[in-house]
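Show me how the following folds:
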Amino acid sequence: MNIAHFAQQRYSTKAFDSNRRISAENVQQIKDLIRLSPSSVNSQPWHFILASTDEGKQRIAKATQGRFSFNERKVLDASHVLVLCTKTSIDDDYLLNLLAKEDKDGRFATEDDKQGMHNGRSYFVNIHRADLNDAQEWMAKQVYLNAGTVLLGTAAMGIDAVPIEGFDATVMDAEFGLNDQGLTSVLIIPMGYHSEEDFNAKLPKSRWDEADVITEC
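The predicted structure follows:
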């Protein structure tokens, strides 16, 4: 399989066919992609909303009103819409709960291995919590790693998608009570199948040439 083929074929879908639905099997694969995405020190500082009903998509579309209204139809016409959220803080309780989950899953052969993982992860987390004071930005970067996994994975399944930052996170957070859960919305990814009216489907992909963006040494 040539994975670069799917990177070449995928594009940001501008109009979805509202009559086409993603199969239940493919939806499950998308859920697996979300869970299995890499993150720095396996921090997984995220949560996701996956809307498939008209009611659910309408709730998400509330955040695409006003100056973001050009994105409303993408949300409403897509088969499924994913909202990617990040934690608003990463505290010691979270790190201990994460460690316990890893232990339950058999990640550690010895208690020393377990403590070493906790010490190492805490070291990097504390760099962002205390030294750089950019923990929120750092956690958002992990969510974008997840988005990359989802976009390439859906392309490999023949599913169209588009990452959207053009929405009102304040509205989204209020609609789903995210702040009360220690979360904030970062990105929306509508997924489905493009309509024949999607002009972007017919345009050639444009990227910098290899020599312009890759230095080999």
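
how about the helices of this structure, start to end?
3-9, 24-36, 54-61, 72-77, 92-104, 111-126, 135-156, 169-175, 210-213 (DSSP state H).

Give the other helices and strands that the first one contacts.
Using 3 or more Cβ pairs under 8 Å, 6 or more residues apart in numbering; DSSP states H and E as the contact criterion, the secondary-structure elements in contact with helix 3-9 are helix 135-156. Bear in mind the C-beta positions are built from the backbone N, C-alpha and C, glycine included.

Which strands and helices lie in contact with the helix it packs on?
When contacts are defined as 3+ Cβ pairs under 8 Å, 6+ apart, helix 135-156 packs onto helix 3-9, helix 24-36, strand 46-51, strand 80-87, strand 160-161, strand 183-192.

Most tightly packed of these?
strand 160-161 (a mean of 28; mean count of other Cβ atoms under 10 Å).

Residues contacting it, please?
Residues outside strand 160-161 that contact it (Cβ atoms under 8 Å, 6 or more residues apart in numbering) are 10-11, 13, 16, 150-151, 154-155, 189-194.

from those, which is closest to residue 171?
Residue 171 lies nearest to residue 190 out of these, by Cβ to Cβ, at 16.7 Å.

OK, contacts around the closest one?
Contacts of residue 190 were listed using Cβ under 8 Å, 6+ apart, and they are 13, 16, 74, 75, 77, 78, 80, 81, 82, 161, 162, 164.

Surely residue 179 is in contact with residue 86?
No - proximity of residue 179 to residue 86 does not meet the contact threshold set by Cβ atoms under 8 Å, at 12.0 Å.

Thank you kindly, that will do.
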